[in-house]
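Enquirer: any chance you could fold what I've pasted below:
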Amino acid sequence: MITAYCSDCQTLEQPDVSVLAQLPENVVWVDLVEPTREEEENIERLLGLDLPTREDMKGIEPSSRLYVEDGSVFLTASLLSRADTNLPMLTDVAFILTGHRLVTIRYARPKSFALFIGALQRIPESRRTGVALLAKLLETIVDRTAEILEQTGSSIDILSVHVFGDRVKKIRRPSNYLEEKLKDIAGYHRTVSKVSDSLNSLFRLLTFLHTIPDVQRDREAKELCRNVARDVQSLSEHASFVAGNITFLLDASLGLINIEQNAIIKIFSIASVVFLPPTLIASVYGMNFEFIPELHFAYGYPASLLLMVTSAVLPFFFFRWKGWL
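Expert: All right, here's what the predicted structure looks like:
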């Protein structure tokens, strides 16, 4: 799908570029969402440049993600998508500055783009240029990333209360309670890991973008890019802090699981020790020898029972006295 946005109107119009022989001068942003090969060829014809393919955008070398060719600036960043689901993922998005226009190519629908499109009408007409729109779009992307990181941090705090708070209150929990929480911890770790990768990608993009002459000439866009780069650095540090909290929570949960398992093993160990003396006594008097001194003792049976109970009770109270129970 191709959407084009114009600049010289009260509301940014969206002309149908598929039927145009040439792109109008007032088109400042062309957004390609999951484009077909036919749509890509149509935009290449209208803009007179070669668009990066989906395979090109997957390159990890900086030289293949950030470069200038024939006066056009090609930038590729990894953005977080599907952050509100249980399976967040990174999607590569290409940003192209060609002349006074911005071209974006994406194969997913990050929420930041929808937020930016909704705020387009509030941008003054004089600021509706490719460079200005790119700076504003990057600002929206970083703001959305900060929101995701903040939500994840809050969720981790709530999860920490569930893991430790319920234990303090002595609330009875299912036997697999902590094991289920490990799945939540793994999900939050995945989200924060994707956020960190996205922030690193954005920081490289902003550093490269700051050297572009068109950005240097636009004072407002230059200052905005500098501020967004600072925000990315701050968010990267905060993401590291949140990742540390997740690691601590994971280690603590595994420790609590080990404590619960050790408590179960301790109970069985103490039970085996408590019942060992009675078993020994019963084994002695259960031997089938003909000559046993107590064999014809009239009170042998109740005496043996009393002896077995006493030999079991004494270790029990000894363990209680030592604080092992």
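Enquirer: first vs last residue of stretch 78-97, how far apart are they?
Expert: Start and end residues of stretch 78-97 are separated by 18 Å (C-alpha to C-alpha, to the nearest Å).
Enquirer: now it: how far from the chain's centre is it?
Expert: Its chain's C-alpha centre and that of stretch 78-97 lie 12 Å apart, by C-alpha atoms, centre = their mean, to the nearest Å.
Enquirer: avg pLDDT for that stretch?
Expert: What stretch 78-97 shows for mean pLDDT is 82.
Enquirer: just the buried residues of that stretch, please?
Expert: Neighbour-count burial for stretch 78-97, counted by 16 or more other C-beta atoms under 10 Å, picks out 78-83, 88, 90-97. The way it works is simple: take the backbone N, C-alpha and C, and place the C-beta from them, glycine included.
Enquirer: one more: stretch 31-43?
Expert: If you call a residue buried by 16+ other C-beta under 10 Å, then stretch 31-43 has these buried ones: 31, 32, 35, 39, 40, 42, 43.
Enquirer: which element follows the worst-scoring helix or strand of the chain on mean pLDDT toward the C-terminus?
Expert: Every helix and strand in the chain was compared by mean pLDDT, DSSP states H and E; the lowest is helix 166-168, with a mean of 51. Using DSSP states H and E, the helix or strand that follows helix 166-168 in sequence is helix 177-209.
Enquirer: in that next one, which residues are buried?
Expert: Judged by neighbour count (16+ other C-beta under 10 Å), helix 177-209 contains these buried residues: 177-178, 181-182, 184-185, 187-189, 191-192, 194-196, 198-199, 201-206, 208-209.
Enquirer: so what's the gap between that helix and the chain middle?
Expert: Helix 177-209 has its C-alpha centroid displaced from the chain centroid by 4 Å (C-alpha atoms, centre = their mean).
Enquirer: what mean pLDDT does it get?
Expert: The average of the pLDDT scores along helix 177-209 is 82.
Enquirer: what score does residue 172 have for pLDDT?
Expert: pLDDT recorded at residue 172 is 63.
Enquirer: cool, and residue 56?
Expert: Looking at residue 56, its pLDDT reads 69.
Enquirer: follow-up on the earlier one: turn the buried residues of stretch 31-43 into JSON lines, columns for distance to residue 164.
Expert: Compiled in JSON lines, the buried residues of stretch 31-43 are given as follows (distance: C-beta to C-beta, whole Å):
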{"residue": "31", "distance to residue 164": "46"}
{"residue": "32", "distance to residue 164": "48"}
{"residue": "35", "distance to residue 164": "49"}
{"residue": "39", "distance to residue 164": "53"}
{"residue": "40", "distance to residue 164": "53"}
{"residue": "42", "distance to residue 164": "58"}
{"residue": "43", "distance to residue 164": "54"}
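Enquirer: alright, calling it a day.
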